[in-house]
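**Q** Just to be clear, the model below is a prediction. Sequence and coordinates:
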Amino acid sequence: MNPSSPDTFEPFDVRETLPDAATLERLTELCVQELCAAQTYQQALTIAAVSRHAGVLSRCYASHRNRAAALTQRVLTFEGVVPRSPGVWAPLRPLLARPVPIASDQLVIGLLERAEEEWTRKYRDELPALTATDREFLRNRVVPAQDATHAALSDMKQQLVLGQPEA
C-alpha cells in the first residue's frame, strides 16, 4: 500500500495513561463496527450482481479490515478485550442472508453507501466523547480512511444512477 494512503497504519504512540472505562468501551464498540463492516464487504463480494465492482468493494473491505486492526491494537494497548464481529451491518443482513441472486448492483451499492454514510456520521459523533489522544488517533488514522471509503461508494452509486461505466 502507498505510505501516504489513509489506510496505512503505523503503530500509534500512546503517551497517556489508560483511558477510563467509558472511553475504552467506545473504542471497543468502534472496533466491533469495523469488524462488522469488513464482514459485510466480505459477504457482499459473494453477490453476483456486484461482481463487476469487485475491485472497489475489495478495497473497501481491506480498508475496513485495516481500521479494525488499528482499533484492535488500540484496545489491546489499553488492556481491553478484543471484540468479535457480530456479523454484517444491520441494513444488509436480509439481503446477504439469501444465497440466491436477488439483488441489483444499484440496490447493494446503495445500501453499502448508506451504511458508509451512517458510519462516517458515527465517527464524527463519537469524537467529542473521547480523550484528546484518542480523538487525534481517530482523526489522523481512522476517519480519513472512512471518508475515502464513503467517497468511493458515493462515487460508485452516482455512476450507477447516471448509468455511467465505472472509472
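**A** Structure received.
**Q** contacts, neighbours, all on C-alpha from now
**A** Will do.
**Q** Tell me which helix or strand in this protein has the weakest average pLDDT.
**A** The weakest-scoring helix or strand in the chain, judged by mean pLDDT, DSSP states H and E, is helix 93-97 (a mean of 64).
**Q** Wait, A49 touches I109, no?
**A** No: under the criterion of C-alpha atoms under 8 Å, A49 lies out of contact with I109, with a separation of 9.9 Å.
**Q** So between those two, which is more surrounded?
**A** With neighbours defined as other C-alpha atoms under 10 Å, A49 and I109 compare such that I109 has more, 23 against 18.
**Q** Excluding sequence neighbours, find me the nearest residue to the most centrally placed residue in the chain.
**A** Within the chain, one residue has its C-alpha closest to the average C-alpha position: by C-alpha atoms, centre = their mean, that is H64, at 3.9 Å. Computed as C-alpha to C-alpha, 6 or more residues apart in numbering, the closest residue to H64 that is not its neighbour in sequence is A38, at 5.1 Å.
**Q** P83 too?
**A** By the measure of C-alpha to C-alpha, 6+ apart, the closest residue to P83 outside its immediate chain neighbours is V32, 5.9 Å from it.
**Q** quick one: secondary structure of the one you found?
**A** Three-state call for V32 (DSSP: H, G, I helix; E, B strand; the rest coil): helix.
**Q** That one contacts V81, doesn't it?
**A** No: with contact defined as C-alpha under 8 Å, V32 and V81 do not form a contacting pair (11.1 Å).
**Q** Have a look at the two and say which one is more surrounded.
**A** Taking V32 and V81 together and counting by other C-alpha under 10 Å, V32 has the greater number of neighbours (21 against 12).
**Q** Can you give me every residue that contacts V50?
**A** Neighbouring residues of V50 by C-alpha atoms under 8 Å, 6 or more residues apart in numbering: A44, S104, D105, V108, I109.
**Q** ditto for W119
**A** Contacts for W119 were tallied using C-alpha under 8 Å, 6+ apart; they are Q146.
**Q** now for the helix or strand hosting the residue nearest to the centre of the chain, which elements pack on it?
**A** Taking DSSP states H and E as the criterion, the element that holds H64 is helix 54-77. In this structure, helix 54-77 packs against helix 21-44, helix 143-162, with contacts taken as 3 or more C-alpha pairs under 8 Å, 6 or more residues apart in numbering; DSSP states H and E.
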